[in-house]
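1. what's the 3D shape of this:
(2 chains)
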Amino acid sequence: MSARSRSTLIRRGTTVSVALFVLFLMSWQWGPALLGVPEFIVPPASQVFAEFLRMLKLNHLMFHTGVTAGEVVAGFILGSLLGALFGYTLAMSPVAEFALSPYILALQIAPKVAFAPLFILWMGFTVYPKILVAVLIVFFPVMVNVLTAVRGIDPDLINLARSFTASRAQVFWKIEFPSSMPPLFASLRIGATLAVVGVVVGELVGGNSGLGYLLTFGEGQANTPMVFVCILMLTLIGGVAYLGVILIEKRVLHYMPAPPMGGL
Amino acid sequence: MAMTRLEYRDVTMRFPDAAGGSVITAIRNVSFSITDGEVVSLIGPSGCGKSTLLNIGSGLAPPSEGKAFVDGEPVEGPNRHVAFMLQKDLLLPWRTILQNVMLGTEIQGKNKPASITRARELLQNFRLGEFANHYPHQLSGGMRQRAALARTLAVDPSVLLLDEPFSAVDAQTRIMLQQDLAQTLKRAGKTALLITHDLAEAVILSDRVLVMSRRPGHIVDEIKIDIGDRDDPLTRRRDSKIAAYLTQLMERLDIGHAELEEQRA
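-> Model prediction:
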């Protein structure tokens, strides 16, 4: 793609995106009234924004957002590290994979969010059960991607390193680890969004802080705008986490040929 | 008498069949040796165990019977005397061309500044000097293969094992690569075992051609190529004796007969 057609593409794409956003806001603002949907079912955009400002003052919205964001980051980092660690270990030890795979599979099949009440029983209304749910949920995609990535490496590449008298550790650090970076980052993108799910479920189940708590609080008061604000803030947290992963990915995988749109 | 660089002594290799039941003998009682500075090609039908011989020589796979020797030492595993190059360039996408060329020296823990100097020299020789800091995906197939050759030479091996190194590039690129290889081998005085499917390539690049049989592979013939200018395949290619050697090789490989039978039918 030439630089010129690329810049045309970006300009047109941005114009259409902005237009769609304006259209979306307009239909959110006036659409429900036109269709006769009551405001307590779908509050118009302006009312949600007013609620957002009110919550900033009266409900410590930023504090709760901060708590949730902190839990997401902690859960995501711990879950990714554990997932990667297990992925590399299992990839290098077929015996360990054979022995552990039934248990890992069972844990993978079990719906992780169902553990939330259990963790709250164990750890109380603290941030830890929320982080733990996120850790569990992030763990699997990362582990599976790392495992398949290492297993899928061209054996000739390994042989090349071995023929240069590489030790096992050298094969890992010079071939296997860097080879697994693209799939690892693909799984981290997934993990970044999944971490939000884990944390919110934990907060919904019990506690008195975080956006999940505000969600149930708003629900209890039949305050639909408040629920909308919480959902938007959660989306924002997920978006920022996703973006963070992409920024790191661009630095680490700088050697990859640029995608045609430089897109997400 | 020149020193023997690479020797296979009565080497046999068996594999368990894919189904696990029976045993396949890939190569049987293969013996030959290559002296210092010699370039020897190995041709034979596909699946005759040519690549198995290469794996044994590089120490990646121990033979079932017999032994390979490099520089007079028995091959017990990967060692610094041998380096191999395959049809695939196997360049690491996250390393620049220079870093790729230095993979072997880095693994072997050789002096870094000296390795950089040597790698740059090699890249210069292969007309890749200005691409040292490029990534592999920015290079053409022929350039990548030259970089792979530079990586093989960077560890300064006494023997090069080349497994169809040019079979994945187009015909014109291949001619250029053959020229590069021949001149480099001559200049550096390296010993090489070249596996190829291309009979003409075998003839124009080598001092000797070994012919292998179908599985279980063994050496059925050895043809000495009596043409000068081994470092100049472009000139060799035009030599009048080439046709006779090709005919001889085709006979040994039973290639012509099948075609004749088809014509008769």
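2. what about residue B:178, how many neighbours?
-> Using other Cβ atoms under 10 Å in any protein chain shown, residue B:178 has 21 neighbouring residues. For the C-beta atoms, the positions are set from N, CA and C on the backbone; glycine is no exception.
3. number of residues surrounding residue B:56?
-> Neighbours of residue B:56 under the rule other Cβ under 10 Å: 25.
4. flag every residue of chain B that's near chain A.
-> Residues of chain B lying close to chain A by Cβ under 8 Å from any Cβ of the partner chain are B:55, B:58-60, B:78-80, B:82-84, B:86, B:88, B:90, B:92-95, B:103-104, B:106-108, B:135, B:137, B:155.
5. relative to residue A:213, how far out is the one residue in chain A that gets nearest to chain B?
-> Nearest residue of chain A to chain B (Cβ to the nearest Cβ) works out as residue A:164 at 4.1 Å. For residue A:164, the distance to residue A:213 equals 57 Å [Cβ to Cβ, to the nearest Å].
6. please identify which of the two sits among more neighbours.
-> The neighbour count for residue A:164 versus residue A:213, taken as other Cβ under 10 Å, is higher for residue A:164 (28 against 21).
7. hmm, back to that, so what's the residue of chain A closest to chain B up against?
-> B:78, B:83, B:103, B:104, B:107, B:108, B:155 (Cβ atoms under 8 Å, 6 or more residues apart in numbering or on different chains).
8. need the max-distance pair from those residues.
-> Spatially, the most separated pair among the contacts of residue A:164 is B:78 and B:103, at 13.7 Å (Cβ to Cβ).
9. okay, the two: which has more neighbours?
-> Neighbour count, other Cβ under 10 Å: between residue B:78 and residue B:103, residue B:103 has more, with 23 against 20.
10. what's the nearest residue to the more buried one if we skip its chain neighbours?
-> Leaving out its chain neighbours, the residue that sits closest to residue B:103 by Cβ to Cβ, 6 or more residues apart in numbering or on different chains is residue B:151, at 6.0 Å.
11. and the helix or strand harbouring the one you found, how far out from the chain middle?
-> Following DSSP states H and E, one finds residue B:151 within helix B:141-154. Relative to its chain's centre, helix B:141-154 lies at 13 Å (Cα atoms, centre = their mean, to the nearest Å).
12. quick check: residues of the stretch 101-250 of chain A near chain B?
-> A:154, A:156-157, A:159-166, A:170, A:174-175, A:178, A:181.
13. let's go with 10 Å and repeat that
-> Contact residues, the stretch 101-250 of chain A versus chain B (Cβ under 10 Å from any Cβ of the partner chain): A:154, A:156-167, A:170-171, A:174-175, A:178-179, A:181-182.
14. all strands for the stretch 1-150 of chain B, in order.
-> For the stretch 1-150 of chain B, applying DSSP state E, counting those that start in this stretch gives strands covering B:4-16, B:23-35, B:39-43, B:65-70, B:73-74, B:82-85.
15. count the neighbours of the residue nearest to residue B:103 for me.
-> 27.
16. over to residue B:161?
-> When neighbours are defined as other Cβ under 10 Å, residue B:161 has 28 of them.
17. that one looks like it's in a strand, true?
-> Yes: Residue B:161 forms part of a strand when assessed by DSSP: H, G, I helix; E, B strand; the rest coil.
18. what sits against it?
-> Contact partners of residue B:161, counting by Cβ atoms under 10 Å, 6 or more residues apart in numbering or on different chains, are A:163, B:6, B:42, B:51, B:53-58, B:70, B:82-86, B:152, B:191-195.
19. SS state for the closest residue to residue A:189 other than its chain neighbours?
-> With Cβ to Cβ, 6+ apart as the criterion, residue A:189 has its nearest non-adjacent residue at 5.4 Å, and that residue is residue A:245. In three-state terms, and counting by three-state DSSP, residue A:245 is helix.
20. could you do residue A:30 as well?
-> Going by three-state DSSP: residue A:30 is helix.
21. what number of residues lie near it?
-> Neighbours of residue A:30 (other Cβ under 10 Å): 13.
22. wait, it touches residue A:42, no?
-> No: applying Cβ atoms under 10 Å, one finds residue A:30 not in contact with residue A:42, separated by 11.3 Å.
23. the stretch 151-264 of chain A: helices as residue ranges?
-> For the stretch 151-264 of chain A, the helices defined by DSSP state H, counting those that start in this stretch cover A:155-163, A:168-171, A:177-179, A:181-205, A:211-220, A:224-252.
24. what's the most buried one of the ones you listed?
-> Among those, the stretch with the highest mean neighbour count (mean count of other Cβ atoms under 10 Å in any protein chain shown) is helix A:181-205, at a mean of 23.
25. show me what the longest helix seen in chain B is packed up against.
-> Looking across chain B with DSSP state H, the single longest helix is helix B:171-188. Under the contact definition 3 or more Cβ pairs under 10 Å, 6 or more residues apart in numbering or on different chains; DSSP states H and E, helix B:171-188 sits against strand B:39-43, helix B:112-125, helix B:141-154, strand B:159-163, strand B:191-195, helix B:199-205, helix B:233-236.
26. could you export those as a markdown table, including mean pLDDT and distance to residue A:225?
-> Below are these laid out as a markdown table (pLDDT from 0 to 100; distance: least, Cβ to Cβ, whole Å):
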| stretch | mean pLDDT | distance to residue A:225 |
| --- | --- | --- |
| strand B:39-43 | 92 | 78 |
| helix B:112-125 | 92 | 64 |
| helix B:141-154 | 92 | 59 |
| strand B:159-163 | 93 | 69 |
| strand B:191-195 | 93 | 74 |
| helix B:199-205 | 89 | 76 |
| helix B:233-236 | 85 | 80 |
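27. distance to residue A:36 for these - can I get that in a markdown table?
-> Listed next are the helices and strands packed on helix B:171-188 as a markdown table, based on distance: least, Cβ to Cβ, whole Å:
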| stretch | distance to residue A:36 |
| --- | --- |
| strand B:39-43 | 83 |
| helix B:112-125 | 74 |
| helix B:141-154 | 65 |
| strand B:159-163 | 75 |
| strand B:191-195 | 79 |
| helix B:199-205 | 80 |
| helix B:233-236 | 84 |
